[in-house]
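Colleague: Provided below are the primary sequence and the corresponding predicted coordinates.
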Amino acid sequence: MEYMHGGDVYRNPVEYDFSININPLGMPEGSARAAREGVRLSALRYPDWKSEALCRELEKKRGIPAEQIVPGNGAAELIFALCQFLRPMRVRLVAPTFQEYEAACRAVEAKTVVWPLSAAEGFTLGEDFIESIRGEEQLVFLCNPNNPTGNLWDKKFLLRLAKQCRRYQTYLCMDECFLPFLRQECQKEYTMLTELEQYSNVIVLRAFTKIYGMPGLRLGYLCCSNRRVTDGVRRMLQPWNLSIPAQMAGIAALKDEGYLEQTYCLLEEEKAYLQRELLNGLADRIFPSSANFFFFYGEQALQQKLLQKGILIRSCENFSGLSEGYYRIAVRSHEENAELIRRWRECGRNLQHGGGKWQNQL
């Protein structure tokens, strides 16, 4: 299996990892304590195979009935389980986007129909995408905000898309794993969690991994009002797919009232700082991002140069629709961000790398 993602610190000499988009605050302290207690309990019992306590806490916090929630070992497990259950013949994807959608489709021998997003147009989606849905595909994946571009699709657009998909009996899977990095009042303008009762063909994916800084614990969940879908996805999962430490850490995270506000304040400050530095001669073009990362075009040798300085960034050339020179960097703490910029400037700029292809803009 070829590894297609960031975070491979096991085979790279990395001091600072900017290749994964994890909350710079790290795991909430209450979650860390709960996970440690979960480790102790793991020697005494199996995990709850239904994750009922976690689902009840999600019901309280998200307003989604517990029976409409399917927890998983990260969102990736649920993407594969969804495809294994639906067994679609054709699936619609945009490109570039998260690569596990295509991998899950290949696993069930589904044909992927790719809708290319244009760099010249800022990787946006238009009405023609909605109008192109005519029932040929049984499933559409859309990431909001999109990974790696950071584009955010608004609720009006998504409702029209959901309605078009419903008209042609097509499932729409909305991956909202990065949406929690928007403030709560902003999330309401973009999330499809509030539309599940009206659209039984809509499936929403969320994860604790990124917003609560627990990538190694692996914790995500799928929401859908269609009982056929939730029951079917559960049947595709292994028993005890979610560990006791992961379940307990998730419950504790949902109860932490102050953690998210700290996150929003930090990200607002550090995104502004990184944006100023990137615009100051480091990147050829920065694309607007509503997530906790920046997507940009720059020097083609940048990843290797920074790796020699002990910093790992995400080269995006292996995303469908992208090429060498596209990168993604996470927003970290100020100390980490400042160190990234310092070492980046030490690398210098190769003026023959093709700069000028983009006029630097936001």
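Modeller: Structure received.

Colleague: now do stretch 215-222, average pLDDT.
Modeller: The average pLDDT for stretch 215-222 rounds to 96.

Colleague: the chain should start at 456 in everything you say after this.
Modeller: With 456 as the first residue, the last one maps to stretch 670-677.

Colleague: identify all contacting residues around that stretch.
Modeller: Stretch 670-677 is contacted from outside by 462, 475, 477, 490, 513, 524-533, 537, 632, 658-664, 685, 688, 697-698, 700-702, 704-705, using Cβ atoms under 8 Å, 6 or more residues apart in numbering. Every C-beta, even on glycine, is put in place using the N, C-alpha and C of the backbone.

Colleague: pull the distance from that stretch to the chain's centre.
Modeller: 11 Å (Cα atoms, centre = their mean, to the nearest Å).

Colleague: now stretch 747-756
Modeller: That offset, for stretch 747-756, works out to 17 Å (Cα atoms, centre = their mean).

Colleague: helices along the stretch 556-705 of the chain, start to end?
Modeller: 582-586, 610-622, 639-642, 682-691, 699-710 (DSSP state H, counting those that start in this stretch).

Colleague: which other helices and strands contact the first one?
Modeller: Just to be clear, that refers to helix 582-586. Packed against helix 582-586, as judged by 3 or more Cβ pairs under 8 Å, 6 or more residues apart in numbering; DSSP states H and E, are the following elements: helix 610-622.

Colleague: number of nearby residues for Leu757?
Modeller: Leu757 sits with 23 neighbouring residues when counted by other Cβ atoms under 10 Å.

Colleague: for the residue nearest to the spatial centre of the chain, grab phi and psi.
Modeller: Nearest residue to the geometric centre of the chain (Cα atoms, centre = their mean): Cys632, 4.3 Å. Backbone torsions of Cys632, given as degrees, to the nearest 10, read phi -60, psi -30.

Colleague: ok, it - contacts?
Modeller: Per Cβ under 8 Å, 6+ apart, neighbours of Cys632: 530, 598, 602, 660-662, 664-665, 675.

Colleague: same deal with Asn606?
Modeller: 572, 577-580, 600, 742-745.

Colleague: what about 10 Å?
Modeller: 549, 552, 572, 577-580, 598-600, 742-746, 750 (Cβ atoms under 10 Å, 6 or more residues apart in numbering).

Colleague: so it versus Val549, what's the distance?
Modeller: For Asn606, the distance to Val549 (Cβ to Cβ, to the nearest Å) stands at 9 Å.

Colleague: what is in contact with these two at once?
Modeller: Going by Cβ under 10 Å, 6+ apart, residues that sit against Asn606 and also against Val549 are 572, 578, 580, 598.

Colleague: so which of those sit within strands?
Modeller: Those of those mapping onto strands are Cys598, per DSSP state E.

Colleague: nearest to Tyr781, of the shared contacts of Asn606 and Val549?
Modeller: Closest approach to Tyr781 among these (Cβ to Cβ): Phe578, at 10.5 Å.

Colleague: show me what contacts the closest one?
Modeller: So, once contact is read as Cβ under 10 Å, 6+ apart, Phe578 ends up touching 549-552, 571-572, 601, 603-606, 742-743, 750, 776-777.

Colleague: and the next helix or strand past the longest helix seen in the chain?
Modeller: For the chain, the helix that runs over the most residues, judged by DSSP state H, is helix 714-732. Next along the chain after helix 714-732, taking DSSP states H and E as the criterion, comes strand 740-742.

Colleague: for that next one, name the packing helices and strands.
Modeller: When contacts are defined as 3 or more Cβ pairs under 10 Å, 6 or more residues apart in numbering; DSSP states H and E, strand 740-742 sits against strand 748-752, strand 781-785.

Colleague: what's the angle from the first one to helix 714-732?
Modeller: In other words, strand 748-752. Orientation of strand 748-752 against helix 714-732 (axes from the mean of the first three to the mean of the last three Cα atoms, to 10 degrees) gives an angle of 20 degrees.

Colleague: buried residues in strand 748-752?
Modeller: 748-752 (16 or more other Cβ atoms under 10 Å).

Colleague: ok, now which ones touch Glu725?
Modeller: Contacts for Glu725 (Cβ under 10 Å, 6+ apart) come out as 479, 747, 785-789, 791-793.
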